[in-house]
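Enquirer: okay, structure incoming, though there's no sequence with it:
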């Protein structure tokens, strides 16, 4: 809340001395102790805190891994295995880091869907949303480059497929591709620069996260009603109320995290990535990690490579434009009886696109016999991907602006307090 | 608006139904038999599973006497065999390099070295810190001896194939005569558990292409191929199960420690969650 006045009072001499020179304790106090949070925040709101936990875990485990990892095309695979076998608790650090990426994306997707459902991107929170989108984009880049580092088959061919997308750009594409790969194919220079950038980008993410939290503290948090804070009655101080709730959610999240790390550490990965990279032997299926599958399905939905690349990047770009595509005056879909169902359909679409991304485009979802040439008739994966991709874009570009104008929203509560009382 | 809402609900339901229907879908391009565990199962499967040390010892024997003729295990050192949960682990020797069995095994190998006085190539007896000795000097030699195919390194084999130890067991026991109508080259060996597509080699009904694919490796194990020191019957199934268990251990030697740590971590987290929940209820009392 911009109008929130600092209530921090330095008590000890050292605090007073520091406060007059660098009011950093005041900043922490105002941001994480006295900061007023809406009192009706539900558990979907705990994923912001969970995401900072994820970033912290990734950076700490990553820095330790970098102490043992060797960014060499000849040694990378074996150095990762050395971490798994010979480094003390190396298996724990590496499995935490590898599964941590999946947990990070799981949390960020919930965080984004939450923002979408409750209209957290709408004025005055556009910059907050944009910064979040920047973080998400950086996360994709970081995760992709991180997946290349073990230099297994999937690492290598993932890098080949994704960098070659740039080559689809007319005229300058091939030159940019060579510049990106550091040569005429994915090789040692590519691995070395990916390692460098994979180490750099998390700190950029941390920086943008600071901006994200700053923007959040300027506008104040949105809440499930989408009604702005009107009085002190609507809020509770961040500590202890939000800290204990976020803390509980983090612990439960860590339980799920631990189940993967300790009992199914390779369940989210691909067996082929335990085969050392071999430029002469392409794997049967090149599949990205699960969190990128929806975009992979959109990429493959169109037969033209350039169009596919544009659509895939468009699918991310359109998320940035969301604040200006939504015409509704009401924030929360809790009070938007029509839009809410389009939202449910959108979530299903994203999951289904993810499923399509893991299949071969020519596979059949279900077939209804064969034509004269013996080709199966029915719903193929590529056709389903096209339908889903069409809905994905229609959701942002048509449904959002159109329903916002047409829909009769339900009556909004006068304030957060009233909404809370009405529940009881 | 309510009609619109209702129809949207119907559409959402239908979409969900379609996505669920699609779930048990069979991959059209690759058809293979699902890998199976041996009848007696694998002791290391499941959250409470542990390695059977006697089985790991037998499995190592199968690897050493049969597999190692063609397959390297470059990521393993002899000392690994004496590590906690390893085939020859003995709690008397905290330092695996001191384990006499492993010292003995290592000393049976000649390790190439450079004579420090003359610079000439020489050999010395192996020690526990040495890596497993590879059967071929380089990839070219491996290719030359194996009809152009390099036998893959087995260090992480159980993690590098879907199905892990079950896949290895199934492949080793799964070789059989190709069904009539399937053209197989002399250098190829049919196996229904291999991930492959035999459509181009199949003459019969295109809807009934046999499951599986071909391997360059001939069936390596057979009844009586390896004699076990502990009297276990040397059947094909026993040999395959034991070596699959050994390769599972070699791929993930810290698996037991990992699972045991996991229980401690999760119990700790759940206790903390309980305490935090009580605190949460107390803090928020009257605020909701």
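Expert: Perfect, I can see it now. The shown structure was predicted, so the numbers you read here are calculated from the model rather than taken from an experiment.
Enquirer: so where do the strands sit in the stretch 151-288 of chain B?
Expert: Under the criterion DSSP state E, counting those that start in this stretch, the stretch 151-288 of chain B carries strands at the ranges B:189-191, B:213-215.
Enquirer: ok, the stretch 1-150 of chain B next?
Expert: Under DSSP E, counting those that start in this stretch, the stretch 1-150 of chain B gives strands at B:110-114, B:121-125.
Enquirer: in TSV: the ones you listed, plus mean neighbour count.
Expert: Heads up, the C-betas are built off the backbone N, CA and C, glycines and all. Written out in TSV, the entries for the strands of the stretch 1-150 of chain B read as follows (neighbours: other CB atoms under 10 Å in any protein chain shown):
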stretch	mean neighbour count
strand B:110-114	12
strand B:121-125	12
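Enquirer: now the strands for the stretch 251-400 of chain A?
Expert: For the stretch 251-400 of chain A, applying DSSP E, counting those that start in this stretch gives strands covering A:364-370, A:376-380.
Enquirer: the shortest one to strand A:364-370, inter-axis angle?
Expert: Counting by axes from the mean of the first three to the mean of the last three CA atoms, to 10 degrees, strand A:376-380 lies at 160 degrees to strand A:364-370.
Enquirer: please name the nearest non-neighbouring residue to residue A:212.
Expert: residue A:131 (4.3 Å; CB to CB, 6 or more residues apart in numbering or on different chains).
Enquirer: go through the strands of the stretch 151-288 of chain B and name the closest to residue A:378.
Expert: Closest approach to residue A:378 among these (CB to CB): strand B:213-215, 26.2 Å.
Enquirer: dump the residue contacts of residue A:216.
Expert: Residue A:216 sits next to A:48, A:128 when contact means CB atoms under 8 Å, 6 or more residues apart in numbering or on different chains.
Enquirer: hang on, it is in a helix, isn't it?
Expert: Yes - counting by DSSP: H, G, I helix; E, B strand; the rest coil, residue A:216 is found in a helix.
Enquirer: next, work out how far apart it and residue A:28 are.
Expert: 15 Å (CB to CB, to the nearest Å).
Enquirer: what lies in contact with stretch A:297-308?
Expert: With contacts defined as CB under 8 Å, 6+ apart, stretch A:297-308 is touched by A:165, A:168-170, A:309, A:311-312, A:315, A:353-354, A:356-357, A:361, A:382, A:385-386, A:388-389, A:392.
Enquirer: what about the residues you listed, which are in helices?
Expert: Taking DSSP state H, the ones among the contacts of stretch A:297-308 that sit in helices are A:165, A:309, A:311-312, A:315, A:353-354, A:356-357, A:382, A:385-386, A:388-389, A:392.
Enquirer: among those residues, which pair sits farthest apart?
Expert: Across the ones in helices among the contacts of stretch A:297-308, the longest distance by CB to CB is 20.1 Å; it joins A:165 and A:388.
Enquirer: thinking again about what came up before, so which of the strands of the stretch 151-288 of chain B comes closest to chain A?
Expert: Closest approach to chain A among these (CB to the nearest CB): strand B:213-215, 10.4 Å.
Enquirer: so that closest one, near chain A or not?
Expert: No - Strand B:213-215 lies out of reach of chain A by CB under 8 Å from any CB of the partner chain, never closer than 10.4 Å.
Enquirer: how close does the residue in the stretch 101-250 of chain B positioned nearest to chain A sit to residue B:247?
Expert: Closest residue of the stretch 101-250 of chain B to chain A, CB to the nearest CB: residue B:160 (3.7 Å). Distance, residue B:160 to residue B:247, using CB to CB: 10 Å.
Enquirer: look at those two and report which has more neighbours.
Expert: Here residue B:160 and residue B:247 are compared on neighbour count by other CB atoms under 10 Å in any protein chain shown; more neighbours surround residue B:247, at 29 against 22.
Enquirer: surely residue B:110 touches residue B:127?
Expert: No - using CB atoms under 8 Å, residue B:110 is not in contact with residue B:127; the gap is 11.9 Å.
Enquirer: ok, the closest residue to residue A:230 other than its chain neighbours - contacts?
Expert: Once flanking residues are discounted, residue A:230 sits nearest to residue A:415: 4.7 Å by CB to CB, 6+ apart. By CB under 8 Å, 6+ apart, residue A:415 lies in contact with A:227, A:230, A:231, A:233, A:234.
Enquirer: quick check: the gap between residue A:415 and chain B.
Expert: 15 Å (CB to the nearest CB, to the nearest Å).
Enquirer: any idea how far residue A:345 lies from chain B?
Expert: Relative to chain B, and taking CB to the nearest CB, residue A:345 is found at 5 Å.
Enquirer: run a quick neighbour tally on that residue.
Expert: Counted with other CB under 10 Å, residue A:345 comes out at 19.
Enquirer: returning to that earlier point: farthest pair in the contacts of residue A:415?
Expert: The most widely separated members of the contacts of residue A:415 are A:227 and A:233, with 12.6 Å between them, by CB to CB.
Enquirer: mutual contacts of these two, please.
Expert: The contact sets of residue A:227 and residue A:233 overlap at A:415, A:416 (CB under 8 Å, 6+ apart).
Enquirer: so for the two, which residue has more residues nearby?
Expert: In terms of neighbours (other CB under 10 Å), residue A:227 is the more surrounded of residue A:227 and residue A:233; the figures are 23 against 13.
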